[in-house]
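Student: have a look at this fold, sequence not included:
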């Protein structure tokens with residue numbers, strides 16, 4: 001899954017911490033870079049990436065522009081061991097290119113995996129293509145609901161965590177609580193709902 005005042009190249013504290021301390025497999029590591037140059041449209045003109053290497057893994061992972069002169073790349077380890085990365089971009093920019101670092105990934109305990117199922121890794125098809133499993137080989141039963149319009153006014157977003165009964169005042173979090181209590185583990189959402197422009201209603205995130 002693209003500024004303004006020139007700055008010295010900086011890797012933020014979160015990226016630096018990834019070098020100094022261990023992370024778990026399947027746990028997000030966010031690397032943040034600051035461009036030295038200015039761009040008329042950084043969203044479309046700048047591509048940034050890191051080349052990530054680890055146990056049986058060697059791939060280019062692309063990032064995104066996050067406003068001002070900030071670019072981020074989010075990576076994770078798919079196996080325990082040492083992981084290294086080096087940054088690059090399609091621009092001649094010292095703030096985005098040739099930064100590098102490393103981190104060590106460790107396994108979750110079985111108790112950790114039981115408490116948070118996503119710690120078992122990405123969902124993938126079984127060998128026969130008839131079912132799903134987690135990256136660690138355990139079966140995954142997909143139980144989903146269809147919330148295509150979840151990003152529109154139909155699923156109100158409340159900043160607080162006050163629960164509301166299902167009804168006119170219920171919001172996104174309330175529907176999420178309900179489905180979670182019923183054992184659902186997935187929802188289908190359309191990121192750009194097709195009738196936003198003509199349904200006469202505001203939209204909310």
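Tutor: Perfect, I can see it now. What you are looking at is a predicted structure, and each value in this text was computed from that prediction instead of being measured. Residues are numbered from 1 along each chain as shown.
Student: how about residue 179, phi and psi?
Tutor: phi -60, psi -40 (degrees, to the nearest 10).
Student: neighbours around it, how many?
Tutor: Other residues lying near residue 179 total 17 when counted by other CB atoms under 10 Å. (C-beta placed from N, C-alpha, C; glycine too.)
Student: skip the chain neighbours and tell me the closest residue to it.
Tutor: residue 145 (5.6 Å; CB to CB, 6 or more residues apart in numbering).
Student: isn't the one you found right up against residue 184?
Tutor: Yes. If you go by CB atoms under 8 Å, residue 145 and residue 184 touch, sitting 5.5 Å apart.
Student: all helices of this structure, in order?
Tutor: Ranges of helices in the chain, per DSSP state H, are 13-20, 42-45, 110-115, 172-181.
Student: now the last one: mean pLDDT?
Tutor: Okay, so that is helix 172-181. Mean per-residue pLDDT for helix 172-181: 95.
Student: which neighbouring elements make contact with the longest strand along the chain?
Tutor: Assignment by DSSP state E gives strand 81-89 as the longest strand of the chain. When contacts are defined as 3 or more CB pairs under 8 Å, 6 or more residues apart in numbering; DSSP states H and E, strand 81-89 sits against strand 29-34, strand 48-54, strand 70-75, strand 100-106.
Student: rebuild these as TSV, extending it with distance to residue 91 and mean neighbour count.
Tutor: Shown next, in TSV, are the helices and strands packed on strand 81-89 (distance: least, CB to CB, whole Å; neighbours: other CB atoms under 10 Å):
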stretch	distance to residue 91	mean neighbour count
strand 29-34	11	21
strand 48-54	8	20
strand 70-75	10	20
strand 100-106	18	17
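Student: of all these, which lies closest to residue 94?
Tutor: Nearest to residue 94, of all the helices and strands packed on strand 81-89, is strand 29-34, at 10.2 Å by CB to CB.
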